[in-house]
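> here are the coordinates; sequence isn't available:
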């Protein structure tokens, strides 16, 4: 449980860690920019009428040929890089956050059940986890996307691309949560206060929710942060392999895939601007995750 | 002990059946193999006849049973695209992936373990902090970007190392090896680095965490109190206790290495199983895709089984935990 | 042919034969995106396979650097007298790589093999009603009509040794399992298949006993497929390979400006166009139009043509490498209509006026389907076109699909408007008329790629006449009439002809053929 002292201590530690502060600032700026994209971006990459092919391939403003209107240049379609990135980050964060939340709910839920009830529930959950672990995340995502492709009609599949991709990433991340939750439950459920609660005839769900869950919030928060970073990277990788999002709804990963075509051509900004942005975002989240890890595991300090 | 073995084995078999089913059902649905096997001018009846010949019109369950039965008999079917036996195709590509993966793992362990120990022993030092920050950047750059950056720097710009393929292999029986000639290593180094960086950071961080944990444990404190010199303390008392988790790392990283080898092989055109898999996705080559998934799952199950057994062998206390 | 812009390297006929013995060993490494999936010339009718195998196997006739037909294993051919069909006189003294002699029996065997049910190229022989061996060096194909283009249509019909195939159990192309011919080859061509590692590397060495003469100085050719374009270009620039095709358009300038490398650029025969769901009763992807399909109105289709600025697409997306097109074949292909060389000008005002006339003054929304991995910058072109269509009120909802799912979806009529690239396999205008303009007719195998089922009685009537007409003048007039109908009706909106962009080291001399076939024998390394 996050008690008052821990919170104060965390704040103090936070002010002592420049890396964490910079990371937090960067995360806030990026997330804020992504949230406000529709209002602050110069053009909307989804709306074909807000940009023009005529403006295509402009370098960043400070280079010869650059246009102050497009601070970080434009891509081959004439889209402002900054606008694309803001919208891209919006989508990447949305997918990452949703995937992480689904994975958390699913993983924690199954883990709690498995740990609390044990027996065949435990066996089934853990065997499913085994199957999950036997297929690396990339393959899992491929699998889900493939099934969706086959089961849904094309038009619907296109429309559901984002949810499908989110689900695919979520399903490749839940096992960590499940294992953590299960392990904690197995430890906690034999402790006296839990035994006492059970003796009083409290509903198992209540016991789990009120007595057990709060104890694993710390480690969960750490996994959530790290998994958010992994989810964003996984989306980028899938898009690079051409099985992620299509180019008309550009996430950061899709932008990088498109930019890849310009690696050797001289228009370096189309690749490196979104890449730098993605790396900055993921590094920031990871640094925060690291900070949280240290915070919740004081022995490592 | 025997019961534990049997139970683990049964679980593994169960996992394999589930994976086989998943693999089959997924790839039964993706794309249309017939349109991949035929050219532009093939007529509708010819397409339909081919569909019939391949058994694609049979009920789903029948197709799956046929698939599993064939797998068990070691008959992995034929590629829709090249018409070669799939087993042979995968076996051909196996050495490339294994060598790439093993060298990447070695890089990750050889660099990661000492770095982990160092940062654990001097947690406040500037070097440690920088290394930690660097590894954070390392895990945050997508593998494919690392690969492209290496190609660009060492291949195109400096022109030191080859940028694609395997080159310089030596055949030992059916196993084609890159490891026996310096030429082979020149081709191997960039892909292995690309694949190794991510694993390296994981190894380092895990070793660091374990080492710090161990350093605070009672028996080390006791040893410190007894006045054991620090060098002896670190390497004789603390390190061995850290090594058990390292076995876990190898087990865990195996999956990562295989998964990210798909990306690495695609970037470097490394002729391994991952590249074969990607090619088969591109051409909807269902048999190759399914068998690849089954093979990967099989490796994973075997490695994990081995790790579990190793655990039990090393640390009898863990036998209690076998239900995990 | 006019569609080749640069170069025409002199071929060094003098250096032709007996290379194996000379001191200068010239190893030539090249790469392309796709590996030929089989070495069997009759198993898969796909460009990477036929193109590669033309180095190893040979046909009765072959195409020269300008795509014109020239003698190969046949030295002469003429129409039969008294019946429809063609007689081929075969070359004498030709041997296969394993030393066996080439005779009419091999042609019979190869014909039977290529026209068999297991073959993927049997459609080439659809008009053939009978095959006759007259003597050891004469064969006759009897056809169901005059068929003036028959010799052209079998330029990729590659001849296999009957004895070799029978000894190795490869009498028929294999459909589901591999057979000996999948990974081995025994042709009469200029190069011997020295080793084959599918998907990794294939080696060719010169065939000492080859009958022909114009062959460059390559003593070993090593082919590697490289799927990732950036990796491929990096391999060229770091000197690991000598030649690669294709390279991405945006990298042309980079390669040209780098010392020691060059770009070989020409126009391909493939025309990129938009097609419509002519027989769809309603739009599938519209927010504002239901129960009707505006694209059935030729005025709306013409508005689409006027709304797209091909010149800007060319300048920005294709970097000036394409040639705008107004017909289904590019200039230079036989049957190209000089009389109808124009194309609708970019004129958004006109487009809006046409839409208003057709009853859609505010335009409407619809679904546009495109590939994203089939043609050069296909996705970017579609996005650019969609944004131009949006200007005149045609609100295209763009869906891009990898080619592996694309044809399936088009066959299922899952589009309102779609992107298509068409390369005339026979290098004649009749080809797209047969596949894209004729009404769908599964039985007669006509209109099989006319996804939207454009249907015009006059076109259906003209096609068989074009196929059987021997007089070039009369034939061209009929083709002109079809082109006129295509343009009046805006059956398709042809956009441009795709470029062909190859890159090589400076010291490599080679010939680029507009069908994108790469012939190792035209390579000379200096």
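Okay, I see it. Here the structure is a predicted model, which means the values were calculated and not measured.
> from here on, just use CA atoms for contacts and neighbour counts.
OK.
> list the contacts of the residue lying closest to residue B:133 once chain neighbours are set aside.
Leaving aside its sequence neighbours, residue B:133 sits nearest to residue A:287 (CA to CA, 6 or more residues apart in numbering or on different chains; 8.0 Å). By CA atoms under 8 Å, 6 or more residues apart in numbering or on different chains, residue A:287 lies in contact with A:19, A:20, A:23, B:133, B:136.
> isn't residue A:80 right up against residue A:72?
Yes - applying CA atoms under 8 Å, one finds residue A:80 in contact with residue A:72, separated by 7.4 Å.
> what's residue C:295 sitting at in phi/psi?
Residue C:295 adopts backbone torsions of phi -70, psi -10, taken as degrees, to the nearest 10.
> how about low-confidence regions in the stretch 151-300 of chain B?
Per-residue confidence for the stretch 151-300 of chain B (pLDDT under 70) gives these ranges: B:230, B:233-245, B:248-249, B:252, B:282, B:284.
> any idea how far the residue nearest to residue B:133 is from chain C?
Remark: distance between residue A:287 and chain C (CA to the nearest CA, to the nearest Å) = 32 Å.
> wait, a helix at that residue?
Yes - applying DSSP: H, G, I helix; E, B strand; the rest coil, one finds residue A:287 inside a helix.
> next, work out how far apart it and residue B:200 are.
Residue A:287 sits 17 Å away from residue B:200, going by CA to CA, to the nearest Å.
> before we move on, what about residue A:128?
Residue A:128 is 29 Å from residue B:200, by CA to CA.
> show me which of those two is the more surrounded one.
residue B:200 (28 against 16; other CA atoms under 10 Å in any protein chain shown).
> and what about residue C:262, helix, strand or coil?
strand.
> all helices of the stretch 251-400 of chain C, in order?
Listed in chain order, the helices of the stretch 251-400 of chain C (DSSP state H, counting those that start in this stretch) span residues C:252-257, C:298-307, C:310-312, C:348-357, C:378-391.
> again with the stretch 1-150 of chain A
Listed in chain order, the helices found in the stretch 1-150 of chain A under DSSP H, counting those that start in this stretch are A:4-16, A:18-35, A:37-40, A:81-117, A:119-134, A:137-151.
> same thing with the stretch 101-250 of chain C?
So, for the stretch 101-250 of chain C - with DSSP H, counting those that start in this stretch - the helices run C:104-114, C:150-153, C:162-167, C:180-183, C:229-237.
> deepest-packed of those, please.
Burial of the helices of the stretch 101-250 of chain C is given as mean neighbour count (mean count of other CA atoms under 10 Å in any protein chain shown); helix C:229-237 ranks first at a mean of 25.
> count the neighbours of residue A:225 for me.
When neighbours are counted by other CA under 10 Å, residue A:225 registers 21.
> return the distance of it relative to residue A:231.
From residue A:225 to residue A:231 the distance is 10 Å (CA to CA).
> do residue C:473 as well
Going from residue C:473 to residue A:231 by CA to CA gives 65 Å.
> the more surrounded of the two?
residue A:231 (27 against 10).
> hang on, the more buried one packs against residue A:96?
Yes - in this structure, residue A:231 is within contact of residue A:96 by CA under 8 Å, at 5.0 Å.
> and the helix-or-strand element of chain C with minimal mean pLDDT, how far out from the chain middle?
Every helix and strand in chain C was compared by mean pLDDT, DSSP states H and E; the lowest is helix C:403-411, with a mean of 81. Chain-centre distance of helix C:403-411: 19 Å, with CA atoms, centre = their mean, to the nearest Å.
> contact residues of the stretch 1-150 of chain C facing chain B?
Contact residues, the stretch 1-150 of chain C versus chain B (CA under 8 Å from any CA of the partner chain): C:37, C:38, C:44, C:45, C:46, C:120, C:121, C:123.
> hang on, the earlier thing: looking at residue A:80 and residue A:72, which is more packed in?
Taking neighbours as other CA under 10 Å, residue A:80 and residue A:72 compare with residue A:80 leading, 28 against 22.
> burial count for the nearest residue to the more buried one once chain neighbours are set aside?
Spatial nearest neighbour of residue A:80, chain neighbours left out: residue A:74 (4.5 Å); criterion: CA to CA, 6+ apart. Residues lying near residue A:74 (other CA under 10 Å) number 29.
> same deal with residue C:133?
The number of residues packed near residue C:133 is 17, by other CA under 10 Å.
> what residues are up against the residue nearest to it when sequence neighbours are not counted?
Excluding the flanking residues, the one nearest residue C:133 by CA to CA, 6+ apart is residue C:139, at 4.6 Å. Residue C:139 makes contacts with C:87, C:88, C:89, C:90, C:104, C:107, C:131, C:132, C:133, as judged by CA under 8 Å, 6+ apart.
> so what's residue C:139 bridging to?
residue C:88, residue C:133 (DSSP bridges).
> do you know the pLDDT at it?
Looking at residue C:139, its pLDDT is 96.
> and it, how far from residue C:41?
Computed as CA to CA, the residue C:139 to residue C:41 distance reads 20 Å.
> who touches whatever residue of the stretch 151-300 of chain C ends up closest to chain A in this structure?
Checking the stretch 151-300 of chain C residue by residue against chain A with CA to the nearest CA singles out residue C:251 as nearest, at 4.5 Å. Residue C:251 is in contact with A:262, A:264, A:265, counting by CA under 8 Å, 6+ apart.
> the second one touches residue C:229, doesn't it?
No - using CA under 8 Å as the test, residue A:264 is too far from residue C:229 to be in contact (10.2 Å).
> so which strand or helix has the residue positioned nearest the centre of chain B?
With distances taken as CA atoms, centre = their mean, residue B:258 lies nearest the centre of chain B, 2.2 Å away. Assigned by DSSP states H and E, residue B:258 falls within helix B:239-268.
> low pLDDT regions in chain A?
Applying pLDDT under 70 to chain A flags residues A:1-14, A:48-49, A:134, A:142-143, A:145-155, A:157-158, A:242-248, A:297-301.
> quick one: contacts for residue 127?
I went with chain A, as the question did not name one. Residue A:127 neighbours (CA under 8 Å, 6+ apart): B:11, B:15.
> my question was about chain B, not that one.
Here residue B:127 is in contact with residue B:119 (CA under 8 Å, 6+ apart).
> check for me that it belongs to a strand.
No - per three-state DSSP, residue B:127 lies outside any strand segment and is helix.
> show me what contacts residue C:250?
Residue C:250 neighbours (CA under 8 Å, 6+ apart): A:261, A:262, A:265, C:318, C:319.
> only the buried subset of those, as a PyMOL command please.
Entered in PyMOL, the line below selects the buried ones among the contacts of residue C:250, by 16 or more other CA atoms under 10 Å in any protein chain shown:
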select buried, (chain A and resi 261+262+265) or (chain C and resi 318)
